Structures are given as C-alpha cells and as structure tokens.
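Visitor: no sequence for this one, just the structure:
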C-alpha cells in the first residue's frame, strides 16, 4: 500500500501524516505497548490503549513512564523524591490507593509521549 501522507489535498482542518513521523519527532528509539487493566484511568489511559514510549527521553516529575519490574511491564506516573533512599516514586492513577512492594529492581524503559485509542474497530 502506498503511503499517501502529504500527497493528498485536504480540508484546512485536516493534515495527513505518517504515524512514524508524528511519534518519532526527535527519537529513533520508540516502543509501543498495549495497556491491560485500569491502573492509569485517571490519566486517560484505559485497557486496550496503545502507548508510545520514547526510550531516549529521561523522565521528570509528573511524566508517565513505561517501566519494567522483573519480567512485567507497567505504566505509572513518575515523580522524583529527594532525600530518600529511592530517588523516585511510581504511582498508579486510578483513584485508588494501591501500594505494591517488590524486591525486584525497577527499570524505567521510556517516557510515554502519546496514547493511541481504538474507536471500537478490530483489535
């Protein structure tokens, strides 16, 4: 199938573009992850969404990050905590106080830069 982005005339309100050009603006190291569960519903991320994570970007407070704990990937809200043993706090955003403890190391894989939502078509 031919890429038609940028070749078609459109109405003023519409700009056709390649998804890769849109999500990979400054980074070539991008991951896509499909969300399972409702842990980030208050951030607008729900089951079935596809998140785009920039693996070259360093997280700052209030960023949403894709992280790896053991062999499990999760999406959480990131905040820096100064003066504590752990320099970061990772929090679910679903309106519930969920505490989880792990002895496994946490690795920040990337910063979520986009959320792609399905409108109910095929999955």
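Guide: Okay, I see it. As the structure is a prediction and not an experimental result, all values here were calculated from the model.

Visitor: what about residue 33, neighbour count?
Guide: If you count neighbours by other CB atoms under 10 Å, residue 33 ends up with 17. Bear in mind the C-beta positions are built from the backbone N, C-alpha and C, glycine included.

Visitor: just the one 5 residues further on next, same as before
Guide: The burial count assigned to residue 38 is 14, neighbours taken as other CB under 10 Å.

Visitor: Offset the numbering so it begins at 753, please.
Guide: In the new count, where the first residue is 753, that last one comes out as residue 790.

Visitor: got a pLDDT number for it?
Guide: Note on residue 790: pLDDT of 86.

Visitor: Only the buried residues of whatever helix or strand residue 774 lives in, if you could.
Guide: Assigned by DSSP states H and E, residue 774 belongs to helix 771-775. Of all the residues in helix 771-775, those buried under the rule 16 or more other CB atoms under 10 Å are residue 775.

Visitor: What's the mean pLDDT across whichever helix or strand comes after that helix?
Guide: Counting by DSSP H and E, the next helix or strand C-terminal to helix 771-775 is strand 782-786. What strand 782-786 shows for mean pLDDT is 93.

Visitor: Quick check: buried residues in strand 782-786?
Guide: By neighbour count with 16+ other CB under 10 Å, strand 782-786 contains the buried residues 782, 785.

Visitor: for this structure, what are the low-confidence residue spans?
Guide: Applying pLDDT under 70 to the chain flags the ranges 753-763, 834-842, 846-856, 873-875.

Visitor: Surely residue 809 touches residue 864?
Guide: No: in this structure residue 809 lies outside contact range of residue 864 using CB atoms under 8 Å: 9.5 Å.

Visitor: More neighbours: which of the two?
Guide: Each of residue 809 and residue 864 has its neighbours counted (other CB under 10 Å); residue 864 has more, 25 against 17.

Visitor: That one is in contact with residue 807, isn't it?
Guide: No: counting by CB under 8 Å, residue 864 does not reach residue 807; the two are 10.9 Å apart.
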